[in-house]
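Student: Here is a sequence together with a model predicted from it:
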Amino acid sequence: MVLLLLSLFQGGCLAESSLDGGELKCGPRDLTPECCLKRNPGDWQKCTGASGPAEAGISVAMKIASVGASAALALQPIIGSAERRGVELATDLRSDVEAAILKCVRRVERQGNDNYFDGESPSREQCAELKMEGQTWAMYLGAFKHSLAWDCIHEALKKLLPHRYLFEPRFRLNERTGEWEYLTPKAVNQTVSNLGWKGLEGTIAPDIVIMDERGVIIHVYDMKFPCPESNVASWHRYTKAPWEPFRQDEIYLDALKAEPWLVSPREGVKRR
């Protein structure tokens, strides 16, 4: 996810959103950027904190929080330190976890293409075409495939690592202490209610965080769905303050003290 982090958070009013025939339906209390834009067409500042789709930089259409995502919430994540180091997963268990995530990523890659391109991978030209105002097919498909992945990954991880993973947990740098801190879904909900998504500017939200038995963060994964599929999966580089000119993975590592890994359909699981 990028600086403005338009990813959805778990629980609360997001349960009122649904997909019906590929279209987003919103409940009256839904605070997602997608639903805000549906109610306030063109008001990007109010709904995303960005002046427009180009500044927002990522899809704002189809990332719908699933039951699986909210069910994953258990331990409150703790950022490791020299005094409080996490215990990494055993090699065989980590291998199983990564294989499960990758299996889901490859499955939803096929499902997304089946849904919109009759099972074919879209061409470079198709990826660059506009799906809707301010949004290319590449942006749309990336977010849509993310939305498909959560339940699949939840079903796998709840068996391998019950209560030890989170989807899109959000973190913020405390300027007073200089330390990163976890924002609970309740805190995120309150911020969006009071300030809009502009209030979350500068926060980060990696796709998947794995914790040890005490809740210390030990592994971080981000899913990427390149379009076309021949593109190399890569980390986003920030182009505005406060994180310019750093890459996403550099901020994740500095903030969460755990090595971030990329997961993509063609390249599998790879280090930054």
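Tutor: Nice, I can see it.
Student: continuing past whichever strand or helix holds residue 147, what's the next helix or strand?
Tutor: When elements are defined using DSSP states H and E, residue 147 is found to belong to helix 137-160. The helix or strand immediately downstream of helix 137-160 is strand 165-167, counting by DSSP H and E.
Student: So which elements touch the helix holding residue 147?
Tutor: Applying 3 or more CB pairs under 8 Å, 6 or more residues apart in numbering; DSSP states H and E, we find helix 137-160 packed against helix 67-71, helix 91-117, helix 124-128, strand 130-132, strand 165-167, strand 217-223. Where you see a C-beta, it was placed from the backbone N, CA and C, and this is true even at glycine.
Student: tell me which residues of the second one are tucked away?
Tutor: The reference is to helix 91-117. Taking 16 or more other CB atoms under 10 Å as the basis for neighbour counts, the residues of helix 91-117 that come out buried are 94, 96-98, 100-102, 104-105, 108-109, 111-113, 116.
Student: Please give the element, helix or strand, for the closest residue to residue 215 other than its chain neighbours.
Tutor: Distance criterion CB to CB, 6 or more residues apart in numbering; nearest residue to residue 215, sequence neighbours excluded, is residue 75 at 3.8 Å. If you go by DSSP H and E, residue 75 is not part of any helix or strand.
Student: export the helices and strands packed on helix 137-160 to JSON lines and tack on mean pLDDT and distance to residue 146?
Tutor: As requested, these are arranged in JSON lines below (pLDDT from 0 to 100; distance: least, CB to CB, whole Å):
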{"stretch": "helix 67-71", "mean pLDDT": "40", "distance to residue 146": "10"}
{"stretch": "helix 91-117", "mean pLDDT": "97", "distance to residue 146": "8"}
{"stretch": "helix 124-128", "mean pLDDT": "97", "distance to residue 146": "16"}
{"stretch": "strand 130-132", "mean pLDDT": "88", "distance to residue 146": "15"}
{"stretch": "strand 165-167", "mean pLDDT": "94", "distance to residue 146": "10"}
{"stretch": "strand 217-223", "mean pLDDT": "97", "distance to residue 146": "6"}
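Student: could you check the distance from the residue of the chain positioned farthest from its centre over to residue 254?
Tutor: Here the chain has its C-alpha centre computed as a mean, and the residue farthest from that point, by CA atoms, centre = their mean, is residue 83 with 29.1 Å. Taking CB to CB, to the nearest Å as the measure, residue 83 and residue 254 are separated by 18 Å.
Student: Give the buried residues for stretch 259-272.
Tutor: For stretch 259-272, a neighbour-count test (16+ other CB under 10 Å) marks 260, 261, 262, 263, 264, 265, 266, 268, 269, 272 as buried.
Student: which SS state does the third one fall under?
Tutor: Under the three-state scheme (DSSP: H, G, I helix; E, B strand; the rest coil), the conformation of residue 262 reads as strand.
Student: Would you agree it is in contact with residue 252?
Tutor: No: because the distance of 10.8 Å does not satisfy CB atoms under 8 Å, residue 262 is recorded as not touching residue 252.
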